[in-house]
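*Asks:* Here is my input; please provide its structure:
(4 chains)
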There are 2 protein chains.
Amino acid sequence: MPIVLRCLSYDGAVATRQAGRERIPPHPDIRTITLQQVLEALVDPVRRRIVNELYTGGQDLRCGTFDLPISKSTATHHFNVLREAGLIRQYYVGTSRMNALRRDEIDEAFPGLLRALSGRE
Amino acid sequence: MPIVLRCLSYDGAVATRQAGRERIPPHPDIRTITLQQVLEALVDPVRRRIVNELYTGGQDLRCGTFDLPISKSTATHHFNVLREAGLIRQYYVGTSRMNALRRDEIDEAFPGLLRALSGRE
DNA sequence: CCGAAAGTACGATTCCTGTCAAACTTCGAT
DNA sequence: ATCGAAGTTTGACAGGAATCGTACTTTCGG
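*Replies:* Sure, this is the predicted structure:
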């Protein structure tokens, strides 16, 4: 099931009706992300919990599957921060927003970081 | 025979303290430090700069040798945070406060972390 | 078509953290 | 005895970040 991510053009033209449309802001190139941004994202325990679950689970997960001790709107905020920090890739499936850890890219840009942080409280 | 040092308080009253009671608060056992605390310490760019300089320099450094873009009182704050997070060990030499990276202990408690963060902006 | 589910957007609030200046302490040297 | 260097302490302050509730949007199922 290939997921096609289409970019939005400048005039806002709609590119496709497939799942994974432009409801999601563009993902940053990981090479533009600084260590500072990554640390600011990962210093929050809720966000680190999300990343850890994706890291150990090894599969993409809906926002709703994380059992987070916060409200939905706050959860949205945290997922946004993770996406803007280049740590996760998001796409829609139905009304569900899926979250994928950008593991290989992170490992290349920040070697050893994910591993050093994984599995800890 | 306890050696007694004199110490003045604001009102001029003479207080006493035992020799061996140091000017520097006790350092935490690194095993009591959580990843959360370490990340909170290292998320600040000034503090990361300090740690990086100690990491790459490989020797203890006076507070004053770091060329930090902040006031002295703010610098004191940052060194305190690093010490309380178990990342540095401090001791006096004359009026100078020396700072040592607790490298081996950190590496044991948080394998790969220092290396993953070192040398980056 | 309608309603429920999943999530977003927005504004308000609260709390925390980095920052500084000013006054103070401690130590070494003069 | 005093002075300067190095750093600390304290109090105040500004900006940012996490949080929430409410209203809104999109999609799917019946």
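*Asks:* residue ranges for the strands of chain A, please.
*Replies:* For chain A, the strands defined by DSSP state E cover A:61-62, A:88-93, A:96-101.
*Asks:* ok, the last one near DNA strand C or not?
*Replies:* Okay, so that is strand A:96-101. Yes. Applying C-beta under 7 Å from any atom of the strand, one finds strand A:96-101 touching DNA strand C at A:Ser96, A:Arg97. Any C-beta I mention is one placed from the backbone N, CA and C, and that applies to glycine too.
*Asks:* which secondary structure elements does that strand contact?
*Replies:* helix A:45-57, strand A:61-62, helix A:72-84, strand A:88-93 (3 or more C-beta pairs under 8 Å, 6 or more residues apart in numbering or on different chains; DSSP states H and E).
*Asks:* would TSV of those with mean pLDDT be doable?
*Replies:* Converted to TSV, those look like this (pLDDT from 0 to 100):
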stretch	mean pLDDT
helix A:45-57	98
strand A:61-62	98
helix A:72-84	98
strand A:88-93	98
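*Asks:* DNA strand C: which of the ones you listed is closest?
*Replies:* When the helices and strands packed on strand A:96-101 are compared by C-beta to the nearest atom of the strand, helix A:72-84 sits nearest DNA strand C, at 2.9 Å.
*Asks:* Which strands and helices lie in contact with that closest one?
*Replies:* With contacts taken as 3+ C-beta pairs under 8 Å, 6+ apart, helix A:72-84 sits against helix A:35-42, helix A:45-57, strand A:88-93, strand A:96-101.
*Asks:* Dump these to a markdown table, plus mean neighbour count.
*Replies:* Converted to a markdown table, these look like this (neighbours: other C-beta atoms under 10 Å in any protein chain shown):
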| stretch | mean neighbour count |
| --- | --- |
| helix A:35-42 | 20 |
| helix A:45-57 | 18 |
| strand A:88-93 | 19 |
| strand A:96-101 | 19 |
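*Asks:* Same list as before, the ones you listed that is, but in a markdown table and with distance to B:Leu101 included.
*Replies:* Formatted as a markdown table, these follow (distance: least, C-beta to C-beta, whole Å):
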| stretch | distance to B:Leu101 |
| --- | --- |
| helix A:35-42 | 18 |
| helix A:45-57 | 24 |
| strand A:88-93 | 32 |
| strand A:96-101 | 31 |
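*Asks:* Tell me what the residue positioned nearest the centre of chain A is bridged to.
*Replies:* Nearest to the geometric centre of chain A sits A:Ile88, at 2.1 Å (C-alpha atoms, centre = their mean). Beta bridges link A:Ile88 to A:Leu101, judged by DSSP bridges.
*Asks:* correct me, but it touches A:Arg102?
*Replies:* Yes. Counting by C-beta atoms under 8 Å, A:Arg102 is a contact partner of A:Ile88 at 6.3 Å.
*Asks:* Quick check: residues of chain A near DNA strand C?
*Replies:* Contact residues, chain A versus DNA strand C (C-beta under 7 Å from any atom of the strand): A:62-64, A:72-73, A:75-76, A:79-80, A:90, A:95-97.
*Asks:* Could you pull up the residues touching the spatially closest residue to A:Pro25 that is not a sequence neighbour?
*Replies:* Excluding its sequence neighbours, the residue lying closest to A:Pro25 (C-beta to C-beta, 6 or more residues apart in numbering or on different chains) is A:Arg83, at 7.5 Å. For A:Arg83, the residues meeting the contact criterion (C-beta atoms under 8 Å, 6 or more residues apart in numbering or on different chains) are A:Ile24, A:Pro25, A:His27, A:Arg89, A:Gln90.
*Asks:* Compare the helices and strands packed on strand A:96-101 and give me the one nearest B:Ile50.
*Replies:* Closest of the helices and strands packed on strand A:96-101 to B:Ile50 is helix A:45-57, at 23.2 Å (criterion: C-beta to C-beta).
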